[in-house]
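Whatever this is, show me its structure:
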Amino acid sequence: FKTGNWFESTLSGITLAMAALPQEFPVIMIVFFALGARRIAQHKVLTRNLNAIETLGKTTVLCTDKTGTLTENRMRVSALSVGGQMLSTQALAKLPIEFAELVRYSVLASEIEPHDPMEQAFHDFAQRHLNEAPLPADDWQLVREYELSPSLMAMSHLWHGPGLAEHVIAAKGAPEAIGELCHLSEAQTSEVASHARQLAEQGLRVLGVARATYPVGNVWPDIQHDFDYQFIGLVGLADPVRQDVPAAVAACQRAGIRVVMITGDHPTTAAAIARQVGIAPEDIHARITPERKLHIVENLKREGAIVAMTGDGVNDAPALKAAHIGIAMGKRGTDVAREAASLVLMEDDFASIVTAIALGRRIFSNLRQALLYTLTIHIPVICL
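Take a look at the predicted model:
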């Protein structure tokens, strides 16, 4: 408008725009994120989404499960409880006869060739301490399974063999769920809860075990509640805390990152483990279902937190997807969980998460400096 020379004015405008716009930004972003992903991979953390590296450095809340992440996921039977009588298995030479039925039915309620560390612990203990064969005879058949469900945290196996007049049913699960299946009275329920709490205070994972029979030839019930269960006792399993976890939790807290434990275990067990690793009592969520995990993540996001979330199961996928940073377990995680996550842990190790967050902060800081430098050097270019 001032000179009336539209051609030269247009060229000047284009020249100024090219000088003002930092074309280096895309290159800087790609290079920094790629190098960051490579550096994080050296610490056994794989990056599935490069943009997650920037968000990783901003994390303010780290939600983690207990088993296999804070603990070693190497379980062993540590204590038994039958009729209020407690038995520690430390240095156990011979299993008292009154505890044999509890051990046997804990095995019958497990898979024949288990992959779960908890069921492997049952089999191992039975093979070492039961005089009779802990597994059903070769001619026994597993005729029906009732799986765990969000509404009932218990599972049952129905067995049948030649010469048996009735099906043999073994159930295991959360003490309160097994008590519900056995239709215990209020006094009995309170007694079982008290014994379970005594075991849980030692940091043990506590399971209840029950038995039942069912006539051969009858139609199987649709739900476990239709069986007439009898309560047998409780089993406490020890799962040691990973040695590097307390230091890693302390490092998070020094860095201003709040560590939240989300677990399906008994609240007392979760509290005992939290004390060992240094997690505050108000940051413990116990007896949590996968659906509740999603609600917890969404609530934290509404509060303005940048949330990193660990998970391994199919049902964890919604929470992993909803979190700003979803972290899947590489060893024990499902394909669905890994697909929903931004990061995958090759070693399922909590310390690796903390290291990745520290590297994310460093990468974010370096990226910010690079972008500021690029903007700064464009100022004299614009002036020229």
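
ok, how many other residues are close to Ala19?
15 (other CB atoms under 10 Å). The way it works is simple: take the backbone N, C-alpha and C, and place the C-beta from them, glycine included.

got the contact list for the closest residue in space to Ala41 that isn't next to it in sequence?
Counting by CB to CB, 6 or more residues apart in numbering, Thr47 is the residue found nearest to Ala41 once chain neighbours are left out, at 7.0 Å. Thr47 makes contacts with 36-37, 40-41, 53, 342-343, as judged by CB atoms under 8 Å, 6 or more residues apart in numbering.

And for Ala238?
So Ala238 contacts 75-76, 78, 202-205 (CB under 8 Å, 6+ apart).

Check what contacts stretch 283-299 and list those residues.
Counting by CB under 8 Å, 6+ apart, 63, 150, 153, 174, 258-267, 269-271, 274, 307, 309, 311, 313, 315-316, 318-319, 322-323 sit against stretch 283-299.

An error on my part: the question was meant for stretch 6-25.
3, 371, 374-375, 378, 381-382, 384.

Determine which two of these are furthest apart.
By the measure CB to CB, Thr3 and Leu371 form the most distant pair in these, at 35.5 Å.

of the contacts of stretch 283-299, buried ones?
With neighbours counted by 16 or more other CB atoms under 10 Å, the contacts of stretch 283-299 contain buried members at 63, 153, 174, 258-266, 269-271, 274, 307, 309, 311, 313, 315-316, 318-319, 322-323.

Just the ones of these in helices?
Secondary structure from DSSP state H places 269-271, 274, 318-319, 322 of these in helices.

between those, which is nearest Val143?
Among these, and counting by CB to CB, the member closest to Val143 is Thr269, at 33.1 Å.

any chance you could map the helices in the chain?
According to DSSP H, the helices that the chain contains are 6-20, 24-41, 51-56, 100-108, 117-129, 175-181, 186-200, 245-254, 267-277, 290-302, 317-322, 335-340, 350-383.

which stretch among the ones you listed comes nearest Val143?
helix 100-108 (12.5 Å).

Buried ones in the closest one, by neighbour count?
100, 102-108.

same deal with stretch 186-193?
For stretch 186-193, a neighbour-count test (16+ other CB under 10 Å) marks 189, 192-193 as buried.

Save those as a markdown table, and put in pLDDT and distance to Asp226 too.
Below are the buried residues of stretch 186-193 laid out as a markdown table (pLDDT from 0 to 100; distance: CB to CB, whole Å):
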| residue | pLDDT | distance to Asp226 |
| --- | --- | --- |
| Thr189 | 92 | 20 |
| Val192 | 93 | 21 |
| Ala193 | 92 | 24 |
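
Pick the one among these closest to Ala337.
When the buried residues of stretch 186-193 are compared against Ala337 (criterion: CB to CB), the nearest one is Ala193, at 32.5 Å.

The closest one reaches Ala174, doesn't it?
No - Ala193 lies out of contact with Ala174 (CB atoms under 8 Å); the separation is 10.9 Å.

sorry, back to before: including distance to Ala170, could the buried residues of stretch 186-193 go into JSON lines?
Putting those into JSON lines (distance: CB to CB, whole Å) gives the following:
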{"residue": "Thr189", "distance to Ala170": "21"}
{"residue": "Val192", "distance to Ala170": "18"}
{"residue": "Ala193", "distance to Ala170": "22"}
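
tell me the centre residue of the protein?
Asp65 (3.6 Å; CA atoms, centre = their mean).

Spit out the contact partners of that one.
By CB under 8 Å, 6+ apart, the neighbours of Asp65 are 261-263, 310-312.

again with Ala251
354, 358 are the contacts of Ala251 under CB under 8 Å, 6+ apart.

and it, how far is that from Ile353?
Using CB to CB, to the nearest Å, we find Ala251 at a distance of 11 Å from Ile353.

before we move on, what about Ser365?
19 Å.

One more: Ala305?
16 Å.

More neighbours: these two, which one.
Ile353 (26 against 19).

which one is the more buried one nearest to, not counting chain neighbours?
Ile327 (6.1 Å).
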